[in-house]
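> Provided below for reference: sequence and predicted model.
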Amino acid sequence: MPLNRDFVGRRFVADTPFLVGREHIRQFAIAIHEDSPLCHDLEAAKAAGYVDLVAPPTFLTAVAIWRPVVPVLDPDLGLDFSLVVHSEQRYSLRRPVVAGDEIVVSATITDIRNAGRNELLISEYEFVTTGGELVATGRTSLASRGTAA
Amino acid sequence: MPAIVDYDDVEVGTRIPEREFRIRREDLVHYCGVSGDFNVIHWNERVAQSVGLPDVIAHGMYTMATAARLVTDWAGDPGSVVDYGVRFSSPVPVPDDDEGATLVVSGVVEKKLDDNRVVVNLTVRSGGSKVLLASRATVQLA
């Protein structure tokens, strides 16, 4: 079933900030086999000029998933998640994410369109601290396989 | 920034040598937990095959994160990547065995920018297919 185009243009903001934790950075780094001391050792991170442990560049994916704002499970959107694969991803970071950041996630669905037999759901993200600092933007394209009308 | 590669030592065409990264089922389960992405196609082959996939497939973001390690290890700092974008062109099936899948990643400096930044174009293959396309990281060097 095709996705509901009425969702294009809608913006969604997380109602609770996401607190980036040291242990979460360590666990994320372990999962991707990132053994840089800057992700694991507070003293090493500080010696390198960071205020706390440094998150790997794709850590914001975890932030966006644990604070879901795009309503991918909303029946009105019509997405069958077992048919979803990630099509494109981009992150632009003003600075690295570090432990202690409190991040408010927001996203706007900017496009839903057909791509062959698939449909693409494109969302633009902003990651802003509770202090109002824009840390990063992101662009996510999800492919819904075989659902194009 | 403790980058270990100096901007002045890098030219357009500078290559980051190819490396192989292993992805096993256990890695995907681990990544499910830390990322919060529990989509069943990343851990259940019965469901993966029922929706037309060859096997359990790696999270695209796991592949993207792994490919980034080539760049962050080269630069010496996981915080050195200021922009990173990819297209996921082909899934990475991860069989339920001790070998798993292998990602073969290499990079080449494609552009030198101001402020000691360079653009690295990554080539990422698995099982003979290019699994990421248009895979570029902008990296802050010393």
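That came in fine, so what should we check first? Numbering: from 1, shown residues only, chains lettered A, B, ... in the order given.
> bridging residues for A:Val84?
A:Ser144 (DSSP bridges).
> in the lowest-mean-pLDDT helix or strand in chain B, what's buried?
When each helix and strand of chain B is scored by mean pLDDT, DSSP states H and E, helix B:45-50 comes last, with a mean of 94. Neighbour counts over helix B:45-50 (16 or more other Cβ atoms under 10 Å in any protein chain shown) mark B:Glu45, B:Ala48 as buried. Yep, even glycine has a C-beta here, placed from its N, CA and C like the rest.
> from the chain's centre, how far out does it sit?
24 Å (Cα atoms, centre = their mean, to the nearest Å).
> show me what the next helix or strand after that helix is packed against.
Moving toward the C-terminus from helix B:45-50, the next helix or strand (DSSP states H and E) is helix B:60-75. Packing partners of helix B:60-75 (3 or more Cβ pairs under 8 Å, 6 or more residues apart in numbering or on different chains; DSSP states H and E): strand A:84-93, strand B:15-23, helix B:25-35, strand B:81-88, strand B:101-112, strand B:117-126, strand B:129-140.
> got the buried residues for the fifth one?
This points to strand B:101-112. B:Ala101, B:Leu103, B:Val105, B:Ser106, B:Gly107, B:Val109, B:Lys112.
> for that strand, packing partners?
Strand B:101-112 packs on strand B:15-23, helix B:60-75, strand B:117-126, strand B:129-140, going by 3+ Cβ pairs under 8 Å, 6+ apart.
> one more time with 10 Å, if that's ok
Secondary-structure packing of strand B:101-112 (3 or more Cβ pairs under 10 Å, 6 or more residues apart in numbering or on different chains; DSSP states H and E): strand B:15-23, helix B:25-35, helix B:60-75, strand B:117-126, strand B:129-140.
> kindly report the same for the third one.
Using 3+ Cβ pairs under 10 Å, 6+ apart as the contact test, the elements touching helix B:25-35 are helix A:22-31, helix A:60-66, helix B:60-75, strand B:101-112.
> mind checking which of the helices and strands packed on helix B:60-75 is nearest A:Ala31?
Shortest distance between A:Ala31 and the helices and strands packed on helix B:60-75, using Cβ to Cβ, is found for helix B:25-35: 4.3 Å.
> before we move on, the earlier item: of all the buried residues of strand B:101-112, which two lie farthest apart?
Top of the distance list for the buried residues of strand B:101-112 (Cβ to Cβ): B:Ala101 and B:Lys112, 33.6 Å.
> low-confidence stretches in chain B?
Within chain B, the stretches with pLDDT under 70 are B:1-3.
> buried set for stretch A:36-51?
A:Ser36, A:Pro37, A:Leu38, A:Cys39, A:His40, A:Ala44, A:Ala45, A:Ala48, A:Tyr50.
> my error: substitute stretch A:140-149 in the last question.
For stretch A:140-149, burial by neighbour count (16+ other Cβ under 10 Å) applies to A:Thr140, A:Ser141, A:Leu142, A:Ala143, A:Ser144, A:Arg145, A:Thr147.
> just the buried residues of strand B:101-112 now: which is nearest chain A?
Closest approach to chain A among the buried residues of strand B:101-112 (Cβ to the nearest Cβ): B:Leu103, at 11.2 Å.
> what sits against the nearest residue to the closest one once chain neighbours are set aside?
In space, and not counting its chain neighbours, B:Leu103 is closest to B:Phe21: 4.4 Å by Cβ to Cβ, 6 or more residues apart in numbering or on different chains. With contact set as Cβ atoms under 10 Å, 6 or more residues apart in numbering or on different chains, B:Phe21 has these partners: A:32-33, B:27, B:63, B:66-67, B:69-70, B:101-105, B:124, B:126.
> please repeat the previous calculation with a cut-off of 8 Å.
A:His33, B:Thr66, B:Arg69, B:Thr102, B:Leu103, B:Val105 (Cβ atoms under 8 Å, 6 or more residues apart in numbering or on different chains).
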